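1. Sequence unavailable; structure follows:
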């Protein structure tokens, strides 16, 4: 990484007269602008001199090995050129060209393999291909072929974008807002160095305090998660925009980089676990950077808002409700102090409308903001304001700076709309030392992000425990009554039940259990029995059981003639609130849990929460509280509260069972898990196990 981002010597490969207006020329101009911070060698076999500098025919002609090669040449020429360079000590290369295997190109894939062979033989590290380079702001290295990035200033933010074009436009706008950067990397197709490598470097870099990413796909999830865990432990926020949320978006990612976009809900769970702040668009990424840049984090989630407009107050309250933000309840002493300061006829509250006249009286407005910030029930203060568009419009910046100086809590200044930001505005913002956020929804979201991250910062992410069972023991998962006993031992008590080989035997078993009963067909070829007509409930006598079993057998034979029928399962009827609890392994991010409202309408209602495993009791209870159906677990319309403690034990038991047997299970699901009244426990009515294909021995 030092050879890429802190090189002492650079070779510009592909420089020519015709390229002065192209990428090679722009790279040269950017190096010249910074007075050539590294030793520069021009490689061109057809010229002795170019741009007043000596040209060398190849790397063998150089007097020293080169740290970094900027290869601005056609893709077909890259492997041979870099092979010659590696033989003479080249350490790293930025490959700007595309066509190295993306999109399924056979010839490009061969070129990609050739570069990976150079990595294996010589230790060459590669940024790209199909990238637009890097910026090392403190080292004054602008290895990116555009003039637009010349406005970027040094600062505490590290950047990794998998999109090279978006990179320059976003950076330019972020610079307008006064943000500064340490290292900025356009990672391209990540044939070699990838997001995890760059994260690892930025986490270890002392000058980098915040990391910003635009991600299309994650090639090495385990390494990525390890770097994210270190960032969380060190208190370095990762702010991320990830494309590929929709099915069409995923397809676009596949065609653009060849990276796999994993299940987005599971990725959300990953972000929550590792404290990654996920932003919804490019503008939000800037606003969130602005809010995090001062480095202040709250001790809680309670927000105090000061505005100068009744309508703004109402809008802020709406946005807070939509985002699930917690508006602080101001203390009586605070309300008493405010009553004599705000405009006559206004009532002190939160959000607080101080009246338009008080905004123009800056000293008084600042006093009001300091009072709200001092309230012990306020963790974050948001105050209406904006940077001036003209110097003579500016109130004394020292007054605003005094608000921040009077408290250790985060202070976010917000405008009602986006605005143009001039050099004078940036200077004003710097003097106040406060973040100015554009837009009311953005203000609420960034304050939420500060609170969410603060609750995670410094936390050690639990490691996935190794399976407690040997592979052979895990594969030997029992069946029948032994499986029921194993499941019950993990808190998933099944209903009383019996199996029967025929409709007649099912009727007899039902009589032994006692009516009413539920009847289910048993077939290894059916995953969802209800959809196949293989479930009947509330059967009140033997005749009803016999008729239902015969109808199931005939119906399945008609629908799926090749489906095997092993018999029937007869169960006691149980009632309760239907939940779903399931665990499976995501191919990218590992084992995870699904928990939520269940039954046959689970896909339609979509009231579920997802978390990565392992998981502990507080996180399970937080998942339950996040569900729309959470009120149904409490006392509801005369019904007693549900047995939440038994539900939590069942969820934790299912995750332990799955993790112990994850070498042999790809999926375990209980739907429905019936939650009885408090003290009555739960019943695992329908347990679905999917065995993983056996791995071939290496």
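-> Thanks, I have it. Small disclaimer: the values here were computed from a predicted structure and weren't measured.
2. which residues in the stretch 151-300 of the chain form strands?
-> Listed in chain order, the strands of the stretch 151-300 of the chain (DSSP state E, counting those that start in this stretch) span 153-161, 180-186, 210-215, 238-242, 277-278.
3. could I get those as a markdown table with distance to residue 620, mean neighbour count and mean pLDDT?
-> C-beta: built from backbone N, CA, C; applies to glycine. Formatted as a markdown table, the strands of the stretch 151-300 of the chain follow (distance: least, C-beta to C-beta, whole Å; neighbours: other C-beta atoms under 10 Å; pLDDT from 0 to 100):
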| stretch | distance to residue 620 | mean neighbour count | mean pLDDT |
| --- | --- | --- | --- |
| strand 153-161 | 33 | 22 | 97 |
| strand 180-186 | 38 | 25 | 98 |
| strand 210-215 | 29 | 24 | 97 |
| strand 238-242 | 25 | 22 | 97 |
| strand 277-278 | 22 | 22 | 97 |
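4. For those strands, could you give me JSON lines that also reports distance to residue 227?
-> Compiled in JSON lines, the strands of the stretch 151-300 of the chain are given as follows (distance: least, C-beta to C-beta, whole Å):
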{"stretch": "strand 153-161", "distance to residue 227": "11"}
{"stretch": "strand 180-186", "distance to residue 227": "14"}
{"stretch": "strand 210-215", "distance to residue 227": "9"}
{"stretch": "strand 238-242", "distance to residue 227": "9"}
{"stretch": "strand 277-278", "distance to residue 227": "15"}
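5. so which of the ones you listed gets nearest residue 666?
-> The minimum distance between residue 666 and the strands of the stretch 151-300 of the chain falls on strand 238-242, with 25.2 Å, by C-beta to C-beta.
6. Tell me which other helices or strands the closest one touches.
-> strand 210-215, helix 264-274, strand 277-278, helix 282-292 (3 or more C-beta pairs under 8 Å, 6 or more residues apart in numbering; DSSP states H and E).
7. Sketch out the low-pLDDT regions of this protein for me.
-> Applying pLDDT under 70 to the chain flags the ranges 17-21, 245-262, 357-360, 390-394, 694-698.
8. Next, name the residue at the spatial heart of it.
-> Geometric centre of the chain, nearest residue: residue 271, 3.7 Å, by C-alpha atoms, centre = their mean.
9. Helix or strand: which one has the residue of the chain most remote from its centre?
-> Most distant from the centre of the chain: residue 543, at 54.9 Å, with distances by C-alpha atoms, centre = their mean. Element membership of residue 543 [criterion: DSSP states H and E] is helix 542-559.
10. so what does that helix touch, helix or strand wise?
-> helix 503-513, strand 517-522, strand 535-539, strand 567-572.
11. and the ones you listed as TSV, adding mean neighbour count and distance to residue 42?
-> TSV is the format used below for these (neighbours: other C-beta atoms under 10 Å; distance: least, C-beta to C-beta, whole Å):
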stretch	mean neighbour count	distance to residue 42
helix 503-513	19	85
strand 517-522	24	76
strand 535-539	17	75
strand 567-572	22	78
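12. Out of these, which gets nearest to residue 158?
-> strand 535-539 (54.7 Å).
13. what's in contact with stretch 467-487?
-> For stretch 467-487, contacts defined as C-beta atoms under 8 Å, 6 or more residues apart in numbering pick out 494, 497, 499, 657, 659-665, 684, 687, 689, 691, 694.
14. just to revisit the earlier point, identify whichever of the helices and strands packed on helix 542-559 lies nearest to residue 443.
-> strand 535-539 (50.5 Å).
15. and that closest one, how far out from the chain's middle?
-> Distance of strand 535-539 from the chain centroid (C-alpha atoms, centre = their mean, to the nearest Å) equals 43 Å.
16. Show me what residue 69 bridges to in the sheet.
-> residue 11, residue 93 (DSSP bridges).
17. okay, now it: neighbour count?
-> Residue 69: 30 surrounding residues under other C-beta atoms under 10 Å.
18. Over to the one 5 residues further on?
-> Other residues lying near residue 74 total 11 when counted by other C-beta under 10 Å.
19. Likewise for residue 324?
-> Residue 324: 10 neighbours (other C-beta under 10 Å).
20. quick one: contacts for it?
-> Residue 324 touches residue 448, counting by C-beta under 8 Å, 6+ apart.
21. swap in residue 384?
-> Counting by C-beta under 8 Å, 6+ apart, residue 384 touches 306-309, 312, 359, 413-416.
22. what is it paired to in the beta sheet?
-> With DSSP bridges applied, residue 384 shows beta-bridge pairing to residue 414.
23. Residues touching stretch 538-552, excluding its own?
-> With C-beta under 8 Å, 6+ apart, stretch 538-552 has contacts from 500, 502-504, 506-508, 510-511, 515-519, 521, 533-534, 536, 568, 570, 573.
24. try it again with 6 Å
-> Applying C-beta atoms under 6 Å, 6 or more residues apart in numbering, the contact partners of stretch 538-552 are 503, 506-507, 510-511, 515-517, 519, 521, 534, 536, 568.
25. quick one: which of the contacts of stretch 467-487 is nearest to residue 4?
-> The nearest one, if we look at these relative to residue 4 and count by C-beta to C-beta, is residue 662, at 37.7 Å.
26. related to what we said a few turns ago, going by neighbour count, which of the contacts of stretch 467-487 comes out on top?
-> Busiest of the contacts of stretch 467-487 [other C-beta under 10 Å] is residue 684, holding 24 neighbours.
27. mind pulling up the phi and psi values for that one?
-> phi -80, psi 90 (degrees, to the nearest 10).
28. ok, and the closest non-adjacent residue to it?
-> residue 492 (4.0 Å; C-beta to C-beta, 6 or more residues apart in numbering).
29. I'd say the one you found and residue 685 touch.
-> No - look at residue 492 against residue 685 with C-beta atoms under 6 Å: they stay out of range, at 10.1 Å.
30. thinking again about what came up before, could you dump the helices and strands packed on strand 238-242 into JSON lines with distance to residue 166 added?
-> Formatted as JSON lines, the helices and strands packed on strand 238-242 follow (distance: least, C-beta to C-beta, whole Å):
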{"stretch": "strand 210-215", "distance to residue 166": "6"}
{"stretch": "helix 264-274", "distance to residue 166": "20"}
{"stretch": "strand 277-278", "distance to residue 166": "17"}
{"stretch": "helix 282-292", "distance to residue 166": "7"}
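31. most packed of the ones you listed?
-> Of all the helices and strands packed on strand 238-242, strand 210-215 has the most neighbours on average by mean count of other C-beta atoms under 10 Å, namely a mean of 24.
32. From the contact counts, what lies against it?
-> strand 153-161, strand 238-242 (3 or more C-beta pairs under 6 Å, 6 or more residues apart in numbering; DSSP states H and E).
33. sorry, back to before: what separation do you get for the residue nearest to residue 684 and residue 663?
-> Here the criterion is C-beta to C-beta, to the nearest Å. By it, residue 492 lies 20 Å from residue 663.
34. Over to residue 575?
-> Separation of residue 575 from residue 663 (C-beta to C-beta): 36 Å.
35. Over to residue 76?
-> With distances taken as C-beta to C-beta, residue 76 is found 45 Å from residue 663.
36. cool, and residue 98?
-> As judged by C-beta to C-beta, residue 98 and residue 663 stand 40 Å apart.
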